[in-house]
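Engineer: I would like to see how this sequence folds:
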Amino acid sequence: MSDESGRKAKIRWIGGLLVVAGAVAAGIILAVQQEETVTPAATVVAVADRGTVTVDVATTGTVEPATTRSLTFPVAGTVESVSVRAGNKVGKGQSLAALDDTEAADDVTDAEAALAEAQSRLTEARTVSVRTTASATACARPVAAATGACATKGYPDTGSDPVLTAEQQVYEAERRVEEAEKALGGTTLVAPIAGTVVAVEGSVGDQVDSGSTFITLADTYTMQVRADFPEADAGALATGQSATVTLADSDDTYDAEVVQVDPAGTSDGTLVRYGAVLSFADSPDDLLIGQSAQVKVRTGQVDDAIRVPSTAVHDVSGGSGTVLVRSGGRSVERTVTVGLRGDQHTEITDGLTEGEQVVRSW
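Structural biologist: Below you'll find the model as predicted:
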């Protein structure tokens, strides 16, 4: 009797375990099914409103001076002094370097002496000319001619004018003085503009040739940014467009304007790029030549336009597109006329009124 009771108890225990196991399995299946059930996402709508639609193109650029001058000595000679080095800021008219001017100064002295001598000869020639003229006038009188007081007629005429010859000699002497003084002035290199010395190509004692670059000077008080744009963006660029420039390692943004767009592009074998130059509206202080910058140019803008998010407009072609208009809990496709397609918004010129709702993204 006890054995039969034990077997029954064991059967009940095993049955209980099976019931528990089944319940656990059913719970697991239900949980998995609940996790796999996707709740339909709510439709996100946007309201057609009035505002500004803009299009920008962006790239990177490099800060450079608006003007760079290569300064040369107009005469050859030996460098006697160099007053600046790369990085120095200089003012207009400041002396930068000089050649030994001993020979040039001697040339000025010699030219001035030659001029003084020529001027003396001219004075003498004019005095003789006055006397000759007075004598000729006296001989022309009847009394003088009758007494034979004048020189015999037919005295040989050399055909030259001593005064004219002396005047030509003075002119040539004055020209030589000007050239000598110019050469003497050319022994000193002077800054034609205010700016920053970019490079010095020689040092004291060097022999330099006439016309060879000795100092490079950049106008760092008027800086600009040169940037290259991909061909796809370059077609929208034009001088006069507004822009912003953000310098490397800075969050500050500066207003700028496109002042030049290169008419010809350059290819790196993969992309064709077109260069553009942007001028700062108010150039910041302490800009560095070669400094990197982020450039953004406003290529299109429409104010007070009916607009919707650009993601709401599909199948744009030939000036028209499709939107899903939301009304009464339903979404209905509608063809609209599209104007400027901006970075964030698209202008709708017909087919949609202000206040209507459209599906933001579909």
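Engineer: C-alpha only now, for contacts and for neighbours.
Structural biologist: OK.
Engineer: any weak-confidence spans in this structure?
Structural biologist: For the chain, the stretches flagged by pLDDT under 70 are 1-41, 134-159.
Engineer: cutoff 90 now
Structural biologist: Where the chain drops to pLDDT under 90, the residues are 1-43, 125-162, 220-222, 248-252, 268-269, 282-288, 327-329, 362.
Engineer: what about the helices in this structure?
Structural biologist: With DSSP state H, the ranges of helices along the chain come out as 2-36, 102-139, 142-147, 162-185, 231-234.
Engineer: If you count neighbours, what's buried in the longest one?
Structural biologist: If I follow you right, that is helix 102-139. Within helix 102-139, the residues scored as buried using 16 or more other Cα atoms under 10 Å are 104-105, 107-108, 111-112, 114-115, 118-119, 121-122, 125-126, 139.
Engineer: Equivalent analysis for the fourth one, please.
Structural biologist: Within helix 162-185, the residues that qualify as buried by neighbour count (16+ other Cα under 10 Å) are 162-163, 166-167, 169-170, 173-174, 176-177, 180-181, 183-185.
Engineer: so that helix versus helix 102-139, what angle?
Structural biologist: Computed by axes from the mean of the first three to the mean of the last three Cα atoms, to 10 degrees, the angle separating helix 162-185 from helix 102-139 equals 170 degrees.
Engineer: any residues touching helix 162-185, and which ones?
Structural biologist: With contacts defined as Cα atoms under 8 Å, 6 or more residues apart in numbering, helix 162-185 is touched by 74-75, 101, 104-105, 107-108, 111-112, 114-115, 118-119, 121-122, 125-126, 129.
Engineer: mind redoing it with 10 Å?
Structural biologist: Here helix 162-185 makes contact (Cα atoms under 10 Å, 6 or more residues apart in numbering) with 73-76, 98-129, 186.
Engineer: Skipping its backbone neighbours, what lies nearest residue 213 in space?
Structural biologist: Of all residues not flanking residue 213 in the chain, residue 72 sits nearest, at 4.6 Å (Cα to Cα, 6 or more residues apart in numbering).
Engineer: Can you show me the strands along the stretch 201-350 of the chain?
Structural biologist: Using DSSP state E, counting those that start in this stretch, the strands of the stretch 201-350 of the chain run over residues 207-208, 213-218, 223-230, 242-247, 253-261, 266-267, 272-280, 292-309, 314-317, 320-327, 330-341, 345-350.
Engineer: Identify whichever of the ones you listed lies nearest to residue 54.
Structural biologist: strand 292-309 (4.4 Å; Cα to Cα).
Engineer: From the contact counts, what lies against that closest one?
Structural biologist: Here strand 292-309 touches strand 45-47, strand 49-65, strand 223-230, strand 242-247, strand 253-261, strand 330-341, strand 345-350, strand 357-359, going by 3 or more Cα pairs under 10 Å, 6 or more residues apart in numbering; DSSP states H and E.
Engineer: how about that strand: buried residues?
Structural biologist: 292-300, 302, 305-309.
Engineer: chain center to it, what's the gap?
Structural biologist: Between the centre of strand 292-309 and the centre of its chain there are 22 Å (Cα atoms, centre = their mean, to the nearest Å).
Engineer: ok and it relative to strand 223-230, angle-wise?
Structural biologist: Strand 292-309 runs at 60 degrees relative to strand 223-230, counting by the same axes, to 10 degrees.
Engineer: Listing partners with orientation, what would you give for strand 292-309?
Structural biologist: Strands that pair with strand 292-309, judged by DSSP bridges, come out as strand 49-65 (antiparallel), strand 242-247 (antiparallel), strand 345-350 (antiparallel).
Engineer: CA atoms only: put the last one into PDB for me.
Structural biologist: What that stands for is strand 345-350. This file holds the C-alpha atoms of strand 345-350, laid out as PDB (Å, rounded to 0.1, in the frame of the first residue of the first chain):
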ATOM      1  CA  HIS A 345      13.600  74.100 -47.200                       C
ATOM      2  CA  THR A 346      12.200  74.100 -50.700                       C
ATOM      3  CA  GLU A 347      10.200  77.000 -52.200                       C
ATOM      4  CA  ILE A 348       6.700  76.100 -53.400                       C
ATOM      5  CA  THR A 349       5.400  78.600 -55.900                       C
ATOM      6  CA  ASP A 350       2.100  76.900 -56.800                       C
END
